[in-house]
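Visitor: Sharing a sequence plus its predicted fold:
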Amino acid sequence: MFGRKKVRYAVVGAGWFGQAAVLPGFANSKSSQLQAIVSGDAAKQKELGDKYGVSTFTYDQYDSLMASGDIDAVYIALPNSMHREYTIRAAKHNVHVLCEKPLAANAQECRDMLAACRAGGVQLMTAYRLHFESANLSVVERIASGDIGEPRLFVGINCQMIEDEDNSRLDGDLKGGPLMDLGVYCINAARYTFKAEPVEVFGFTASQPGKKFAEVPEMVTAMLRFPENRLATFSCGFGEAKVSEYRVIGTAGDLRLDPAYSFQSDIELRLTGKDGRVTRQTFRERDQVGAEIEYFSDCILEGSEVEPDGREGLIDMMIIDAIKESIKSGQAVSVGPFEAKPRPDKDQEMKMPKVRTPKLVESKPPAGG
């Protein structure tokens, strides 16, 4: 397949994240080429096609584009409810898939996507950009080095204020909400900092009255019990001031990352060491999405397995499904067992220059900023 030096991509979905992060990320990738944009909005097709100098297609033209032989991989930046369908349709035409998180609406849909990609002989990667980001990988490395002793507690917060009641993230049919769209970051971070999978979960929701949170909860808090009697807790919400951080507390110190999950800011890592001394390290803003695109393309060209693969997204969805079950039942829910898989480490670190957020077409950030 690849006497060529670049993997040709179609970006599927031209909402806020697609425009602010995915499309600009191709400028930093040496092994990737933006070939097409798929959108249902005529204005986006015209302006984005002209801006990036590529062909644009409607969703009705997706299958013919996949069958054309002009596309090697897709980056799916669609609502969660559409991930399964567009992954399977790409895999049927032997097109590789890089799909945004959460990987699908539930664990069974993830399994369907994995099966389709195996049948099509293509790679499925879950778009966990933080698996290549310096600050998060430094946390992993410092924990492994014993800088905080034995890690015992993980505490995460990921919140933002969505003021617009018509925001698509509040639409239950799109399978979003704070747990899916924000909590997944906390779950994944707990897993890669503890280097383990949870065995039991418990969840709560709470919402202010009114129609704004009629279809998705305002906020979710969950507790995850890990092997060796370790606990992770996190809170996420769509009705609070923007906070993005996590803290790992060990027997001899702690690490705090703030903002932990952002792709548009510097990140500060604060370490309280065994002697009680506090040190701070700032990681300058980088292009996180271009890095994961570059990594995926390199894996395709080299024929190597990806990390984070589709199994990574499946495990997080199994945990989210269990949290939702706990919320409904009011009881703790066992989760697992999980298939063993590689975890992110410092060898995956990729540093790319930050990109300037382009002028958005018929789109705006989720918090209206």
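Guide: Arrived safely. Numbering: from 1, shown residues only.

Visitor: From here on, just use CA atoms for contacts and neighbour counts.
Guide: Fine.

Visitor: just for the stretch 101-250 of the chain, where's the confidence low?
Guide: Residue ranges of the stretch 101-250 of the chain with pLDDT under 70: none are present.

Visitor: now the helices for it?
Guide: 107-120, 134-144, 178, 184-194 (DSSP state H, counting those that start in this stretch).

Visitor: Figure out which of those is closest to residue 309.
Guide: Closest approach to residue 309 among the helices of the stretch 101-250 of the chain (CA to CA): helix 107-120, 9.3 Å.

Visitor: and residue 178, what is it in contact with?
Guide: 159, 216, 217, 218, 219, 220, 236, 237, 238 (CA atoms under 8 Å, 6 or more residues apart in numbering).

Visitor: at 7 Å what do you get?
Guide: Residues in contact with residue 178, defined by CA atoms under 7 Å, 6 or more residues apart in numbering, are 219, 220, 236, 237, 238.

Visitor: Any idea what the first one is bridged to?
Guide: Applying DSSP bridges to residue 219 gives these bridge partners: residue 206, residue 237.

Visitor: how much space between it and residue 65?
Guide: 39 Å (CA to CA, to the nearest Å).

Visitor: Repeat that for the third one.
Guide: Using CA to CA, one obtains 38 Å as the distance from residue 236 to residue 65.

Visitor: Which one of those two is surrounded by more residues?
Guide: residue 236 (29 against 20; other CA atoms under 10 Å).

Visitor: three-state assignment of residue 321?
Guide: Using DSSP: H, G, I helix; E, B strand; the rest coil, the structure places residue 321 in helix.

Visitor: And this structure, what are its domain boundaries?
Guide: 7-129+288-307, 134-285 (automatic domain parsing).

Visitor: Now for the contacts of residue 178: which two are most distant?
Guide: It's 220 and 238 that sit farthest apart of the contacts of residue 178, by CA to CA, at 9.5 Å.

Visitor: Which one of these two is surrounded by more residues?
Guide: Set residue 220 next to residue 238 and count neighbours by other CA under 10 Å: residue 238 wins out with 28 against 24.

Visitor: how about that one, phi and psi?
Guide: Per-residue torsions, residue 238: phi -110, psi 10 (degrees, to the nearest 10).

Visitor: what's the answer for residue 79, then?
Guide: Main-chain dihedrals, residue 79, degrees, to the nearest 10: phi -60, psi 150.

Visitor: and the closest residue to residue 140 other than its chain neighbours, how many neighbours?
Guide: Among residues not flanking residue 140 along the chain, residue 193 sits closest, at 5.5 Å (CA to CA, 6 or more residues apart in numbering). Neighbourhood size, residue 193 [other CA under 10 Å]: 22.

Visitor: My read is that residue 193 contacts residue 141, right?
Guide: No - using CA atoms under 7 Å as the test, residue 193 is too far from residue 141 to be in contact (9.0 Å).

Visitor: ok, residue 141 to residue 214 distance?
Guide: For residue 141 relative to residue 214 (CA to CA), the value is 42 Å.

Visitor: Considering the contacts of residue 178, which is situated nearest to residue 135?
Guide: Nearest member of the contacts of residue 178 to residue 135, counting by CA to CA, is residue 236, at 21.0 Å.

Visitor: List the contacts of that closest one.
Guide: Residue 236 neighbours (CA under 7 Å, 6+ apart): 157, 158, 159, 178, 179, 182, 183, 219, 220, 221.

Visitor: Looking at the residues you listed, which is nearest residue 166?
Guide: When the contacts of residue 236 are compared against residue 166 (criterion: CA to CA), the nearest one is residue 178, at 15.5 Å.

Visitor: Just give me the neighbour total for residue 119.
Guide: Neighbours around residue 119, by other CA under 10 Å: 13.

Visitor: What is the burial count for residue 325?
Guide: Residue 325 has 17 neighbours, counted by other CA under 10 Å.

Visitor: That one: which element?
Guide: helix 310-329 (DSSP states H and E).

Visitor: What strands line up against the helix or strand following that helix, and which way round?
Guide: Next along the chain after helix 310-329, taking DSSP H and E as the criterion, comes strand 333-334. Within its sheet, strand 333-334 is paired with strand 200-206 (antiparallel), according to DSSP bridges.

Visitor: Next, the buried residues of the strand it pairs with.
Guide: 200, 201, 202, 203, 204, 205 (16 or more other CA atoms under 10 Å).

Visitor: ok, residue 251 - contacts?
Guide: Contacts of residue 251 (CA under 7 Å, 6+ apart): 148, 149, 150, 151, 152.

Visitor: Tabulate these (CSV), appending neighbour count.
Guide: CSV is the format used below for these (neighbours: other CA atoms under 10 Å):
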residue, neighbour count
148, 22
149, 18
150, 18
151, 22
152, 18
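
Visitor: Now residue 28. Nearest residue, chain neighbours left out?
Guide: Residue 28's closest residue in space is residue 290 (CA to CA, 6+ apart), at 5.8 Å.
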